[in-house]
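Student: sequence and computational prediction follow.
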Amino acid sequence: MKNRVLFACQKCGHQSAKWLGRCPDCGSWNSMAEEVAVKSGSAVPHAEAAKPVRISQVTRDVEERLSCGISELDRVLGGGLVAGSMVLIGGDPGIGKSTLLLQASAYLSGTAGTVLYVSAEESAQQIKLRSIRMGINADDLFLLAETNIERILTHIQQLKPRAVIVDSIQTVFTGAIESAPGSVSQVRESAGRLMLTAKGSGIPIFLVGHVTKDGALAGPRVLEHLVDTVLYFEGDAGHAFRILRAVKNRFGSTNEIGVFEMKDSGLCEVRNPSELFLAERPLGVSGSVVVAALEGSRPLLVELQALVTSSSFGNPRRTTIGIDHNRLALLVAVLEKKVGLHLSGQDIFLNAAGGVRLNEPSADLAIVMAVASSHLDKTVDPQSVFLGEVGLSGEVRGISQPELRVKEAAKLGFTRCILPAGNLKQVKVKGVELVGVKNVDEALQRAL
């Protein structure tokens, strides 16, 4: 019987009987590739059929978590590694994914038992050279340079490790499918078999995923739905700091982050990232403002730097690093309409120092202050920190957990906090002057 040929989108997995220039599902151009149609999971044994049970009769098992030996990684995972879970780690090439997993696997092999590190991209000699540079020498850490999923599963059944690392899922393939490694069919089938192995044996498995130019995980989006936890490694090649962020976690919070610093010996944990981000903050300079952001359960003090200068072009530029570009445009419009600052002919550059990305609206007031400070060339009190969301009518709205943020600012020596008036009753911190404001105009008067 002749195999049927399909065309599958290499980004979202959409299948079509004929080639299309643009995927009708995700809209990607030139992403349809020819593949041989197969029945997914045809070579995988079927598990025993489940039966419906009453929710009152379901017993709650206590989750046994394994510590990875890296507290920042354990924080992002929700307290440790859950047995039988699948964790997908994505990030730009060279950002430190393999380094982090090698450090974690070395600790797990010394405390939990045997760990299998499957390297589908590098040879065992290359991994050994990296381990020597990092000072790692673990007897129970086994290296396997293999790309065939059937052979990998055979070694897992024979070795019975406590944890498995597969680096990376895009280079692993199965012989049951004729398409090339990295295709939608190969990634989906290989990840599906590893998932059945993890759930059936209780072995936690780490998967390393490649990242495309737009910052998304390469391969089908179904891969993110298949795993239990999705972690993204963020960072800039020009900065030594790396941020590990959870975007999906079935066993913990999805807002937690872990902060690392890249050194010659590997990734080092940053216990107090706020102090590190503010270490080189200039004092007495206009356009520099500190905001107390919240990443999961961790308060984070970050410096925002703004530069406002006259534009020599017809269309002034709005450039941001670490801040949403649309958010800056919205806040600039509020400054022009409600405060009366003439910014329509000005180039505005905004940067979150240290390579941090701020997405929560509590940084709005700090952005407004940084832009106004640079435009008016007036300095902001270096001992002040700013909190608050700014609405389109210029009002300053309340934020969540203000006391936790103010306490973090007090630890680092800040003595003044400008925050929404609606949050004043929720904060009781000694040694910090609390200034409640209702709108942007009032905040500018109190700060500049």
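Tutor: Sure, I can see it. Numbers count the residues shown, from 1 in each chain.
Student: wasn't Gly84 part of a helix?
Tutor: No. Counting by DSSP: H, G, I helix; E, B strand; the rest coil, Gly84 is not part of a helix but coil.
Student: quick one, what contacts the residue lying closest to Ala292 once chain neighbours are set aside?
Tutor: Nearest residue to Ala292, sequence neighbours excluded (CB to CB, 6 or more residues apart in numbering): Arg405, at 3.7 Å. Quick note: C-beta positions are derived from backbone N, CA and C, even for glycine. Counting by CB atoms under 8 Å, 6 or more residues apart in numbering, Arg405 makes contact with 292-294, 299, 362, 385, 387, 399.
Student: recalculate using a threshold of 10 Å.
Tutor: 291-294, 299-301, 362, 385, 387, 399, 417, 419, 423, 427, 429 (CB atoms under 10 Å, 6 or more residues apart in numbering).
Student: out of these, the closest to Arg133 would be?
Tutor: Nearest to Arg133, judged by CB to CB, of those is Leu300 at 30.4 Å.
Student: number of residues surrounding that closest one?
Tutor: 21 (other CB atoms under 10 Å).
Student: also Gly436?
Tutor: Neighbours around Gly436, by other CB under 10 Å: 19.
Student: quick one: pLDDT of it?
Tutor: pLDDT, Gly436: 95.
Student: got it, and Leu328?
Tutor: Note for Leu328: predicted pLDDT of 95.
Student: please apply the same query to Val44.
Tutor: 46.
Student: can you check the one 3 residues further on too?
Tutor: Ala47 is assigned a pLDDT of 52 by the prediction.
Student: equivalent analysis for Leu448, please.
Tutor: pLDDT, read off for Leu448, is 83.
Student: if you count neighbours, what's buried in the helix or strand of the chain with the lowest mean pLDDT?
Tutor: Using mean pLDDT, DSSP states H and E, strand 32-36 stands out as the lowest-scoring helix or strand of the chain, at a mean of 79. Under the neighbour-count criterion of 16 or more other CB atoms under 10 Å, strand 32-36 has 32-33, 35 buried.
Student: make CSV out of the residues you listed and add distance to Glu234.
Tutor: Formatted as CSV, the buried residues of strand 32-36 follow (distance: CB to CB, whole Å):
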residue, distance to Glu234
Met32, 30
Ala33, 29
Glu35, 32
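Student: what about the helices in the stretch 151-300 of the chain?
Tutor: Ranges of helices in the stretch 151-300 of the chain, per DSSP state H, counting those that start in this stretch, are 184-201, 222-226, 273-277.
Student: which one of these lies nearest to Ser286?
Tutor: Closest to Ser286 of the helices of the stretch 151-300 of the chain is helix 273-277 (CB to CB; 19.8 Å).
Student: state the mean pLDDT of that closest one.
Tutor: 83.
Student: and it, how far out from the chain's middle?
Tutor: How far helix 273-277 lies from its chain's middle: 18 Å, per CA atoms, centre = their mean, to the nearest Å.
Student: next one: stretch 71-78
Tutor: 12 Å.
Student: enumerate every residue touching the most centrally placed residue in the chain.
Tutor: Centroid-nearest residue in the chain: Arg245, 2.8 Å away (criterion: CA atoms, centre = their mean). With contact set as CB under 10 Å, 6+ apart, Arg245 has these partners: 76, 91, 230-234, 254-258, 295-296, 357.
Student: now swap in Thr114 and tell me
Tutor: Contacts of Thr114 by CB under 10 Å, 6+ apart are 108, 138-142, 159-164.
Student: ramachandran coordinates for it?
Tutor: phi -60, psi 140 (degrees, to the nearest 10).
Student: same question for Leu412.
Tutor: Dihedral pair for Leu412: phi -90, psi 10, per degrees, to the nearest 10.
Student: quick revisit: highest mean neighbour count out of the helices of the stretch 151-300 of the chain?
Tutor: Of all the helices of the stretch 151-300 of the chain, helix 184-201 has the most neighbours on average by mean count of other CB atoms under 10 Å, namely a mean of 21.
Student: just the helices in the stretch 301-448 of the chain please.
Tutor: For the stretch 301-448 of the chain, applying DSSP H, counting those that start in this stretch gives helices covering 325-334, 364-376, 402-411, 440-447.
Student: among those helices, which is nearest Phe206?
Tutor: helix 402-411 (31.3 Å).
Student: check which residues of that closest one are buried.
Tutor: 402, 405-410.
Student: mind listing what's buried in stretch 287-302?
Tutor: Within stretch 287-302, the residues that qualify as buried are 287-296, 298-302, counting by 16+ other CB under 10 Å.
Student: which pair of these spans the longest distance?
Tutor: Gly287 and Gly296 (28.7 Å).
Student: quote the end-to-end distance of stretch 311-323.
Tutor: 21 Å (CA to CA, to the nearest Å).
Student: give me the contacts around it.
Tutor: 234, 236, 302, 304-310, 325-329, 331-332, 343-359, 363, 366-367, 370.
Student: with adjacent residues omitted, what lies nearest to Gly391?
Tutor: Residue nearest to Gly391 in three dimensions, not counting chain neighbours: Arg397, with 5.7 Å by CB to CB, 6+ apart.
Student: what sits against the one you found?
Tutor: Listed by CB under 10 Å, 6+ apart, the contact partners of Arg397 are 361-362, 364-365, 388-391, 420, 422-423, 438.
Student: pLDDT at the nearest residue to Leu244 once chain neighbours are set aside, what is it?
Tutor: In this structure, Leu244 finds its nearest non-sequential neighbour in Gly258, 4.1 Å apart by CB to CB, 6+ apart. Reported pLDDT at Gly258 in the predicted model: 89.
Student: and the gap between Gly258 and Ile243?
Tutor: 7 Å (CB to CB, to the nearest Å).
Student: any common contacting residues for the two?
Tutor: Taking CB under 10 Å, 6+ apart as the criterion, Gly258 and Ile243 both touch 72, 76, 233, 270, 273, 295.
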